[in-house]
Each structure stands twice: as structure tokens, then as C-alpha cells.
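Chemist: Mind looking at a prediction? Sequence and model below.
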Amino acid sequence: MRIGMILDDTFPPDPRVENEAITLINSGHEVYLFCLSYKDEVSEETINGIQVKRFRSNKLEYKLSALAYTFSLYTSIMSKKIKNFIKETQIEVLHIHDMRIAEAVFRAKKSFKIPVVLDLHENRPEIMKCYPHLQKFPGKYLISTDKWKRKEEEFIKKADKVIVVTQQAADEIINRAGVQKEKLVVVPNSVRKSFYKESKIDTTIADRYKDNYVVLYLGDTNLRRGLMTAIEASSKLAKEIDNYKLVIVGSNTTDTVLKNKSNELNLNEFIDFEGWQDLLLFPSYIKNSNVCISPLHRNLHHDTTYANKIFQYMSYGKPIVVSDAIAQKDIVEESNSGLIHKEKDVEDYTTKILELYNNKMKSTEYGNNGQKFIEEKFSWEITSKALIRLYEEI
């Protein structure tokens with residue numbers, strides 16, 4: 001089958017898009033990827049078997065994408081490009097990555113009798129409520145998250161199949177949009193076996209942290225990710241744990257808030273803000289940590305989405321401490337791979353970190369359980385079977 005994936009972003013990188021495309025190619029399908037380009041680069045190339053077709057875009061179109069469901073200009077521009085893509089590639093099914101470009105796809109396909117798969121990477125309308133530019137003028141008045149939610153429901157009903165990343169997300173959509181459960185397919189983000197079996201370890205990171213008890217966080221450091229809890233807890237943890245170090249690998253525009261809190265609490269010697277690092281270095285940081293964390297704040301988005309970092313942590317046999325955001329709480333309880341703290345509760349978080357520090361045997365057991373869970377149940381090679389079945393049905 002000739003599958004046309006639609007991504008309103010540049011490529012690479014996009015791990016989920018790449019993982020799905022490679023899986024489908026290995027299952028005998030052809031995958032053509034529509035994506036955007038904002039600089040001089042080749043318009044067509046093949047990457048890991050994915051036939052990439054780049055369509056030139058610009059800053060104005062990028063800004064208009066945020067207003068996709070306020071004004072129709074972005075949809076009009078993109079639908080023309082997508083229609084050309086469909087004609088050129090003669091694809092047999094459309095696979096939409098996320099909802100921002102969905103209306104443009106449905107408009108473009110009116111002339112073609114092609115089934116549509118809608119792949120919802122996250123609960124976009126809910127997470128938009130956390131965006132800083134939607135809290136102030138002019139975004140607050142130009143962009144309606146309620147309208148985005150209504151649009152999402154419209155696209156869910158129009159699509160032939162809908163992919164979500166967790167069962168919690170599927171349940172929420174069934175209850176909200178009133179669609180049949182058979183329409184939804186759960187394809188979680190998880191790690192390829194190559195992530196933990198074929199990685200190269202950077203010895204400089206190993207040398208830097210060999211004498212520390214490292215509590216590690218990987219990924220986006222937006223305040224909703226809960227790092228303020230980990231920083232405030234460091235005041236006590238630094239006193240209770242020998243050679244304690246909180247290592248934060250990632251970045252966000254709100255990092256100044258986190259760094260100011262570290263300064264205020266005189267914790268700079270106990271906290272390393274590493275900034276964003278190459279993904280190839282993630283295994284080195286994980287391998288040289290003692291405990292890994294995901295202290296997410298609870299909201300409808302976090303309750304129905306997995307942070308991929310927890311699977312990266314587990315794949316290296318590290319015990320994890322996570323907040324009680326429902327999706328990650330459920331997966332940690334299922335795998336028995338760590339401890340759960342109440343969101344934003346510094347004292348509870350501190351207690352859980354100290355529990356692992358003071359019980360090395362339990363800590364090792366949690367790590368082993370997580371690693372076994374990934375190997376036997378939750379590597380991408382296993383979770384992606386639902387995607388393969390979906391396309392067999394189509």
C-alpha cells in the first residue's frame with residue numbers, strides 16, 4: 001500500500017513519525033512523507049526508506065498555523081500543497097500527524113476517494129491551555145481552545161481510523177466524542193530496542209558523575225513538567241544524600257524561573273542545568289544516573305499521555321519516581337518499576353527519592369522490573385504491532 005504521511009513540520013527529526021514510517025515500510029508498504037522546509041535543502045530524498053517530499057514554507061505560514069482554526073488562510077495554503085502531493089505520489093491512504101493540518105488534508109482529499117488515518121500525538125486543545133502566548137494579548141483573544149476541541153472532535157468523526165498514544169486518551173475521546181471504540185487504535189510512544197542495545201556511552205559523562213548520586217530528568221523543562229518540585233526538594237535531599245546531584249538535561253523558555261529558584265535556595269552546586277543535548281547522549285546520562293524522574297503536573301493532557309522519557313529510563317534498568325498523572329502512574333504500577341508521588345508535593349517527592357536511596361535492593365528490583373517490562377511488553381517493536389494491524393485492516 002502507498003501511504004502518504006502528512007506532517008506540518010520539518011523532517012527530520014521526529015521520532016514518532018520516523019518510527020511509524022519505518023515500521024510500515026518493514027511491513028511491506030511504501031511511505032511518502034509530506035513535510036515542510038524553511039531553508040534551502042533538497043526537495044526530495046529517501047531517509048531510512050521513507051520517501052520524503054519537502055514543500056517550501058516560510059515564517060508567515062508558520063505563524064498562521066497557530067491560527068489555523070481562527071482564519072482559513074493556513075488551511076487554504078496547505079490544502080493546495082497536499083493536493084499536489086496526492087497527485088504526484090498516487091497514494092492510497094492518508095496518515096495525518098496531529099490535528100493542526102487536519103482540515104487542510106480533509107479539504108485536499110475531497111477530489112480523491114482515499115481513507116484517512118488521524119494520528120493524535122497528544123491532546124492538542126488541552127495542552128494549548130498551557131501555552132504562554134495564549135495567556136496574554138493577542139493570542140488570548142485570537143485563539144480559542146474550545147474551537148480547537150470542537151475541530152478535533154469533527155476530525156475524529158471524519159477519519160476512518162484514529163490513533164492515540166494511551167488507552168486513557170482513547171477512553172477520553174470515546175466519552176467526549178461518542179465514537180465507537182473500534183475506531184480508535186492505541187499506539188504508544190516507546191523506545192526501539194536499538195536505543196538501549198546499540199548506544200555508545202560517552203565516557204566524559206561517566207567520569208563527571210561517577211562519584212555522585214544522580215537524580216536525572218530528561219526532556220522539555222517547561223514549568224508544567226514539574227521540575228520546580230524537584231528543585232525545591234533538593235534543599236533536603238542535598239543534606240540527606242551523599243554527593244547528591246540533580247541533573248536536568250533539556251530546555252525551555254521558562255528555564256530562567258528554574259535557575260532563579262536554584263539561586264534563591266543556594267543549590268547551584270547540587271543542580272546541573274545541562275541544557276538541550278544531542279539525543280545520542282541520552283543513554284550516557286541515563287546509564288550514569290541512580291534515579292530518574294518525571295514529576296509532571298496533572299492536567300487532562302498529562303493524564304492521557306506518556307512522557308517517552310519514562311520508557312527510556314526503564315530500558316536502562318533505572319528505578320523511576322513519577323507524579324500521579326494518571327497515564328504514567330498506571331504504567332509504573334503495571335510494571336512495578338518505581339514510586340509515585342503526589343503532583344507538586346515536595347515533601348512526598350522527597351520521601352520517595354529517599355526511600356530509593358535508603359533501600360538499594362528495592363531500587364535495583366524496580367529497575368530490573370522496568371527493564372523486563374520494556375523488553376517483554378513495551379519496546380516499539382512490540383507496541384507498534386497495533387499500527388501494523390490497523391493497516392492490514394485498511
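Modeler: Structure's in. What do you need?

Chemist: quick one: residue 290 and residue 238, what's the gap?
Modeler: Applying CB to CB, to the nearest Å, the value for residue 290 to residue 238 is 14 Å. In short, each C-beta sits where N, CA and C put it, glycine included.

Chemist: Could you do residue 170 as well?
Modeler: 42 Å.

Chemist: Who are the contact partners of the closest residue to residue 337 other than its chain neighbours?
Modeler: Spatial nearest neighbour of residue 337, excluding adjacent residues (CB to CB, 6 or more residues apart in numbering): residue 370 at 3.2 Å. Neighbour list for residue 370: 313, 314, 315, 317, 318, 319, 320, 335, 337, 338 [criterion: CB atoms under 8 Å, 6 or more residues apart in numbering].

Chemist: Could you report the pLDDT at residue 370?
Modeler: You'll see residue 370 listed with a pLDDT of 98.

Chemist: roughly how far apart are it and residue 364?
Modeler: Residue 370 is 11 Å from residue 364, by CB to CB.

Chemist: Identify the contacts common to those two.
Modeler: Common neighbours of residue 370 and residue 364 (CB under 8 Å, 6+ apart) are residue 319.

Chemist: Next one, pLDDT for residue 30 please.
Modeler: For residue 30, the model assigns a pLDDT of 98.

Chemist: Assign a three-state SS to the nearest residue to residue 159 once chain neighbours are set aside, would you?
Modeler: Nearest non-adjacent residue to residue 159, counting by CB to CB, 6+ apart: residue 118, 3.8 Å away. Look at residue 118: counting by DSSP: H, G, I helix; E, B strand; the rest coil, its state is strand.

Chemist: Quick check on residue 43: phi, psi?
Modeler: phi -80, psi -20 (degrees, to the nearest 10).

Chemist: How about it, nearest residue that isn't a chain neighbour?
Modeler: In space, residue 43 is closest to residue 54, 5.0 Å off (CB to CB, 6+ apart).

Chemist: Which strand or helix spans the one you found?
Modeler: Using DSSP states H and E, residue 54 maps to strand 50-56.

Chemist: Which neighbouring elements make contact with that strand?
Modeler: helix 15-26, strand 30-37, strand 44-47, helix 73-89 (3 or more CB pairs under 8 Å, 6 or more residues apart in numbering; DSSP states H and E).

Chemist: and among those, the most buried is which?
Modeler: Using mean count of other CB atoms under 10 Å, the stretch among those with the greatest mean number of neighbours is strand 30-37 (a mean of 22).

Chemist: quick one: residue 290 from residue 367, how far?
Modeler: 10 Å.

Chemist: now do residue 313
Modeler: Distance of residue 313 to residue 367, computed by CB to CB: 9 Å.

Chemist: Kindly report the same for residue 158.
Modeler: Taking CB to CB, one finds residue 158 at 44 Å from residue 367.

Chemist: quick one: which of the two has more around it?
Modeler: residue 367 (23 against 15; other CB atoms under 10 Å).

Chemist: surely that one meets residue 335?
Modeler: No - Residue 367 is not in contact with residue 335 according to CB atoms under 8 Å; the separation is 10.8 Å.

Chemist: shared neighbours of the two, which are they?
Modeler: Contacts common to residue 367 and residue 335, judged by CB under 8 Å, 6+ apart, are residue 314.

Chemist: Now do the SS call for residue 272.
Modeler: With three-state DSSP as the basis, residue 272 sits in strand.

Chemist: which residues in the stretch 251-394 of the chain form helices?
Modeler: 255-264, 282-287, 300-303, 309-315, 326-335, 346-358, 360-373, 380-383, 385-393 (DSSP state H, counting those that start in this stretch).

Chemist: Name the residues of the first one that come out as buried.
Modeler: The neighbour-count criterion (16 or more other CB atoms under 10 Å) identifies 255, 257, 258, 261, 262 as the buried residues of helix 255-264.

Chemist: what's the answer for the last one, then?
Modeler: Neighbour counts using 16+ other CB under 10 Å place 387, 388, 390, 391 of helix 385-393 among the buried residues.

Chemist: Report the buried residues of the worst-scoring helix or strand of the chain on mean pLDDT.
Modeler: Least confident helix or strand of the chain, by mean pLDDT, DSSP states H and E, is helix 139-142 with a mean of 73. Buried residues in helix 139-142, counted by 16+ other CB under 10 Å: residue 139.

Chemist: Kindly report the same for stretch 269-279.
Modeler: Under 16+ other CB under 10 Å, the buried positions of stretch 269-279 are 270, 271, 272, 273, 274, 277.

Chemist: Neighbours of the closest residue in space to the last one that isn't next to it in sequence, how many?
Modeler: Right, residue 277. Spatial nearest neighbour of residue 277, excluding adjacent residues (CB to CB, 6+ apart): residue 249 at 5.3 Å. Burial of residue 249 is recorded as 23 neighbouring residues (other CB under 10 Å).
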